[in-house]
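Colleague: need coordinates for the following:
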Amino acid sequence: MKIEFNKFNSFYKDHKPSILAKADEILSSGHYIRDNEVKKLEEQLAKICDRKYAITTSSCTDALFLSLVAAGVGKGDEVILTSFSYIASLSPILMCGATPVFIDTTENSFSMNFSEIEKYFTNKTKAIIYVQLFGISQDISLLTNVAQKKGIAVIEDSAQALGSCTHSTPGAKQGDLSCISFDPTKIVSAFGTGGAILTDNLDYLKKLTKLVHHGRNEINQFDELGYNSKIPALNAALISMQLDELDFTIKQTNNIAHRYLEILKDNKYIQFILPDKTQLSSFHKLIIMCKERDLLSNYLKRNNIETRIHYDVLLHEQPLLSKFNFVKHSTKNSEFLKTQVLSLPIYLGLSISEIDYICTTINEFYKL
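Modeller: Numbering: from 1, shown residues only. Down below sits the predicted model:
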């Protein structure tokens, strides 16, 4: 038995006739961008995330970059984030010419510790990128309240949080601007790449509408520097089809996670990162903290089980930053977390027998 860390074709296999029919409809129409399928998707996203507006982009990296631009972030400004995240949380800051300011996570989560965030504010602080990691959305209302008083934009990196919620607040609801990813690793994907920005601010929407299409204004003139960041109609339609089944998908990923938990509940050497009673996780990732992480990962590999480590190189440690200015405060919690975490396979199509085999192999490693 060989178990891949992820598989991207289960939705296609389960919905092949309807997908091919939709593809034929769109490709036959000749309307490939900026059409009704894109508008439908944006309205669907706004409804799911309880936002006034949604605008699609070519990727979530574009979404984060364009959100920073819309918020007025530029050269010399500072943007606060944590080091424990994917490079796409950092690179848009550098693309704007701004300075990343790294702060720590909390002791018991991968999320930004914002309890004393004001001590990191300077007169250059323009924005905060708060990353909702691994499918668990955190309540950031205290952060947004503090930032609002200071005139600092909160950009919610919800790349991994679509379908999650906290205190009944859906993922991608809490930021001044919130960004979603549709790359193949996500529970809803564009069969390629895609992203979206959500906001309740009409001024941001107007700015973003120009930015995603070369800076074009309402009379078809180009009065500011813009970008080309659009999602194809076919990708939009395929995303919409998956959004129609989002509740089912999340139910299935939760069922898989609970199967893992039930079998491994007595293993004292591992700890699952789980939502609390106020949260619903999409289980974009299934994360454990474990003793002898690297040895366990290699043991699973020898037994034909693929795993991943997110993120063993912190953002401030990436060689890219040797070319840029940045500020780093204490990251001791992030330094600890990166040595402990291991991501296990979780995706639609992962069978009960495969889950059982993974769990049995983990217990064998710890001689249980």
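Colleague: tell me the pLDDT of Asn108.
Modeller: pLDDT, Asn108: 79.
Colleague: cool, and Met1?
Modeller: With respect to pLDDT, Met1 has a value of 84.
Colleague: equivalent analysis for Ser83, please.
Modeller: 97.
Colleague: what of Leu41?
Modeller: Checking the pLDDT column for Leu41, the value is 98.
Colleague: doesn't it belong to a helix?
Modeller: Yes - under DSSP: H, G, I helix; E, B strand; the rest coil, Leu41 sits within a helix.
Colleague: now the helix or strand Glu364 falls within: buried residues?
Modeller: Glu364 belongs to helix 352-365 when elements are defined using DSSP states H and E. By neighbour count with 16 or more other C-beta atoms under 10 Å, helix 352-365 contains the buried residues Glu354, Ile355, Tyr357, Ile358, Cys359, Thr361, Ile362, Asn363, Phe365. Any C-beta I mention is one placed from the backbone N, CA and C, and that applies to glycine too.
Colleague: look at the closest residue in space to the last one that isn't next to it in sequence and tell me its secondary structure.
Modeller: Among residues not flanking Phe365 along the chain, Tyr299 sits closest, at 4.7 Å (C-beta to C-beta, 6 or more residues apart in numbering). In three-state terms, and counting by three-state DSSP, Tyr299 is helix.
Colleague: my read: Tyr299 touches Asn363, true?
Modeller: No - the pair Tyr299 / Asn363 is not scored as a contact, 11.3 Å apart, by C-beta atoms under 8 Å.
Colleague: so which elements touch the lengthiest strand in the chain?
Modeller: What stands out as the longest strand in the chain, according to DSSP state E, is strand 125-131. Secondary-structure packing of strand 125-131 (3 or more C-beta pairs under 8 Å, 6 or more residues apart in numbering; DSSP states H and E): strand 78-82, helix 141-150, strand 153-157.
Colleague: mind listing what's buried along the last one?
Modeller: Spelled out, it's strand 153-157. Buried residues in strand 153-157 (16+ other C-beta under 10 Å): Ala153, Val154, Ile155, Glu156, Asp157.
Colleague: do the longest one as well
Modeller: Within helix 141-150, the residues that qualify as buried by neighbour count (16+ other C-beta under 10 Å) are Leu143, Thr144, Val146, Ala147.
Colleague: wait, which of these is closest to Cys96?
Modeller: Ala147 (17.7 Å; C-beta to C-beta).
Colleague: name the nearest residue to that closest one, sequence neighbours excluded.
Modeller: Val154 is the one closest to Ala147 (C-beta to C-beta, 6+ apart), at 4.9 Å.
Colleague: now do the end-to-end distance for stretch 344-351.
Modeller: Counting by C-alpha to C-alpha, to the nearest Å, you get 14 Å between the two ends of stretch 344-351.
Colleague: hmm, who's touching that stretch?
Modeller: The contact list for stretch 344-351, computed with C-beta atoms under 8 Å, 6 or more residues apart in numbering, reads 3-7, 10-11, 13, 249, 252-253, 256-257, 260, 283, 285-288, 305-307, 354, 358.
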